[in-house]
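Visitor: Dropping the sequence and predicted coords here.
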Amino acid sequence: MAPIIRDRQFTDSSALTDFVINRGNGVKGLSEMGLKALPKPYIQPLEERLCMTKFVPQQSIPIIDMSYWKNPRVASAVCDAAEKWGFFQIVNHDVPIEVLNNVKDATYRFFDLPADQKNKYSKENSASKNVRFGTSFSPEAEKSLEWKDYLSLFFVSEEEASMLWPPVCREQVLDYIRRTEVVIKKLLQMLMEGINVKEIDEAKRSLLMGSIRTNLNYYPICPDPELTVGVGRHSDVSTLTILLQDEIGGLYVRGNQGDGDNWIHVPPIKGSLVINVGDALQILSNNRYKSVEHRVIANGTKNRISVPIFVNPKPTDIIGPLVEVLKNGEKPIYKQVLYSDYVKHFFRKAHDGKKTVEFAEI
Ligand SMILES: CC(C)(COP(=O)(O)OP(=O)(O)OC[C@H]1O[C@@H](n2cnc3c(N)ncnc32)[C@H](O)[C@@H]1OP(=O)(O)O)[C@@H](O)C(=O)NCCC(=O)NCCSC(=O)/C=C/c1ccc(O)cc1
Ligand SMILES: O=C(O)CCC(=O)C(=O)O
Ligand SMILES: [Fe+2]
């Protein structure tokens, strides 16, 4: 067999694809080889790299204390943040710190498995479409790859999870989802009251939180972090995303001052959860709440993990502006679209900032 690796570099891009994707080593495997330089497929065009000059260090997204969540001031802070920033952090949210620590440990346990164990969950090998181990975002569609591996778990039922999800992280992820659901419901209730939706009936419950996907993200140490990205500019397609990040940092959100290229860091706060509005809530609220672009940089010295819970409509739901927001004669900005079509459109292309939502525009 011809040597695949020469001088700690790959002889060609198909050898790299074979190692990273087909054999399940991921970028974690690349990182652990001790490469001297970033392999070419990971080099992002200049305009997609995030340099110091684009940072706004004096700004920060809101931090909301959920201790007295029944106080109308909390609801008003949540709605304000969802309108103006699309992003905020919550503290004192009642999800126990052990639950958060356990899911972080479980994330490391999964990615520390040997490649052949993780590869059992790849697109080719997985027993179900609802469990997928992968790397980058949509490698088939991307011109430049992203420096990230992930495990994506679409929740159907506890029974299915107990049969299909990797045993090293299954219980911890389920626990994280269960405990977070309480907070999700509180936030959605506040956000709905803010747009005159007084009651969340069964149909609305489905539109707002009919399906849950949890991703375990792993961003390994990168040889040339400034040449690549952890995750490229995108907005989520969820209604809300609940994100647990570790203490490393590296998540940036597009600033809301002017239309320049300015990015604000989301500082890790012990025990906090980052909340962001996704495209589905932007569409349902007819632009009252905004899904905001965000991105993750690569890191040259530390491995980073994050665990987002994407709270979504059901794939079979039709989404469009809610009647309550159109009551006062407001013109609908979006048409009615099948949510699974929207998600497929998102996954069929590389990350491209806020462009996904154009799919639903009238
Ligand atoms: C449309 C879905 C996703 C799949 O439908 P399917 O037709 O039964 O399954 P397929 O396996 O044929 O998936 C269709 C395509 O979607 C892609 N895909 C299917 N899940 C995946 C997957 N977890 N990962 C990355 N590609 C996938 C994948 O490209 C795939 O194409 P291909 O496999 O090449 O035929 C369906 O499960 C669905 O409608 N789910 C609704 C709930 C849902 O998952 N919502 C998305 C929340 S995720 C979110 O907001 C943000 C995610 C995100 C993630 C990474 C980022 O860097 C940034 C953001
Ligand atoms: O890792 C992070 O902090 C954010 C990841 C993200 O944006 C996503 O998975 O959609
Ligand atoms: Fe995201």
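Guide: That came through, no problem. Ligands and ions are numbered 1, 2, ... in the order given.

Visitor: so where's this structure uncertain?
Guide: 1-8, 258 (pLDDT under 70).

Visitor: What parts of this structure come near ligand 2?
Guide: Contact residues, the chain versus ligand 2 (C-beta under 6 Å from any ligand atom): 215, 217, 231, 236, 243, 245, 251, 294, 296, 306, 308. Where C-beta positions appear, they are placed from N, C-alpha and C, glycine not excepted.

Visitor: so can I have CSV of those showing secondary structure and distance to residue 337?
Guide: Below are those laid out as CSV (DSSP: H, G, I helix; E, B strand; the rest coil; distance: C-beta to C-beta, whole Å):
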residue, secondary structure, distance to residue 337
215, strand, 23
217, strand, 27
231, strand, 24
236, coil, 16
243, strand, 25
245, strand, 31
251, strand, 28
294, strand, 23
296, strand, 28
306, strand, 28
308, strand, 23
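
Visitor: In this structure, which residue is most central in space?
Guide: Nearest to the mean C-alpha position of the chain, counting by C-alpha atoms, centre = their mean, stands residue 308 at 5.2 Å.

Visitor: so residue 141 touches residue 352, yeah?
Guide: No. Counting by C-beta atoms under 8 Å, residue 141 sits too far from residue 352 to count as a contact (10.1 Å).

Visitor: Identify the residues contacting the residue of the stretch 51-200 of the chain found nearest ligand 1.
Guide: Across the stretch 51-200 of the chain, no residue is closer to ligand 1 than residue 152, which sits at 3.4 Å (C-beta to the nearest ligand atom). By C-beta atoms under 8 Å, 6 or more residues apart in numbering, the contact list for residue 152 reads 131-134, 213-215.

Visitor: Save those residues as JSON lines, and put in secondary structure and neighbour count too.
Guide: Listed next are the contacts of residue 152 as JSON lines, based on DSSP: H, G, I helix; E, B strand; the rest coil; neighbours: other C-beta atoms under 10 Å:
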{"residue": "131", "secondary structure": "strand", "neighbour count": "19"}
{"residue": "132", "secondary structure": "strand", "neighbour count": "18"}
{"residue": "133", "secondary structure": "strand", "neighbour count": "25"}
{"residue": "134", "secondary structure": "strand", "neighbour count": "21"}
{"residue": "213", "secondary structure": "strand", "neighbour count": "19"}
{"residue": "214", "secondary structure": "strand", "neighbour count": "23"}
{"residue": "215", "secondary structure": "strand", "neighbour count": "21"}
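
Visitor: Tell me who's in contact with residue 41.
Guide: Counting by C-beta under 8 Å, 6+ apart, residue 41 touches 13, 16, 144-145.

Visitor: Filter the residues you listed down to the buried ones.
Guide: In those, burial by neighbour count holds for 16, 144-145, counting by 16 or more other C-beta atoms under 10 Å.

Visitor: Which of these fall within strands?
Guide: With DSSP state E as the criterion, strands contain none of those.

Visitor: Nearest to ligand 2 among those?
Guide: residue 145 (15.5 Å).

Visitor: how near is the residue of the chain found nearest ligand 2 to residue 28?
Guide: Going by C-beta to the nearest ligand atom, ligand 2 is nearest to residue 306 of the chain, at 3.3 Å. According to C-beta to C-beta, to the nearest Å, residue 306 stands 15 Å off from residue 28.

Visitor: More neighbours: the two, which one.
Guide: Ranked by neighbour count (other C-beta atoms under 10 Å), residue 306 and residue 28 place residue 306 first, with 25 against 22.

Visitor: Return the set of residues that bridge with that one.
Guide: Beta bridges link residue 306 to residue 217, residue 245 when assigned by DSSP bridges.

Visitor: just to revisit the earlier point, the residue of the chain closest to ligand 2 and ligand 1: what is the separation?
Guide: Residue 306 sits 10 Å away from ligand 1, going by C-beta to the nearest ligand atom, to the nearest Å.

Visitor: Next: residue 301.
Guide: Following C-beta to the nearest ligand atom, the distance that separates residue 301 from ligand 1 is 22 Å.

Visitor: got a list of what the residue lying closest to that residue once chain neighbours are set aside touches?
Guide: Take residue 301 and drop its neighbours on the chain: the residue closest to it by C-beta to C-beta, 6 or more residues apart in numbering is residue 221, 6.4 Å away. Counting by C-beta under 8 Å, 6+ apart, residue 221 touches 31, 299-303.

Visitor: In this structure, spot the helix with the most residues.
Guide: If you go by DSSP state H, the chain has its longest helix at helix 170-193.

Visitor: Next, see if that one gets close to ligand 1.
Guide: No. On the criterion C-beta under 6 Å from any ligand atom, helix 170-193 is out of touch with ligand 1, staying 13.8 Å away.

Visitor: How far off centre is that helix?
Guide: With C-alpha atoms, centre = their mean, to the nearest Å as the basis, helix 170-193 stands 16 Å off its chain's centre.

Visitor: for stretch 143-150, same thing?
Guide: What separates the centre of stretch 143-150 from the centre of its chain is 14 Å, taken as C-alpha atoms, centre = their mean.
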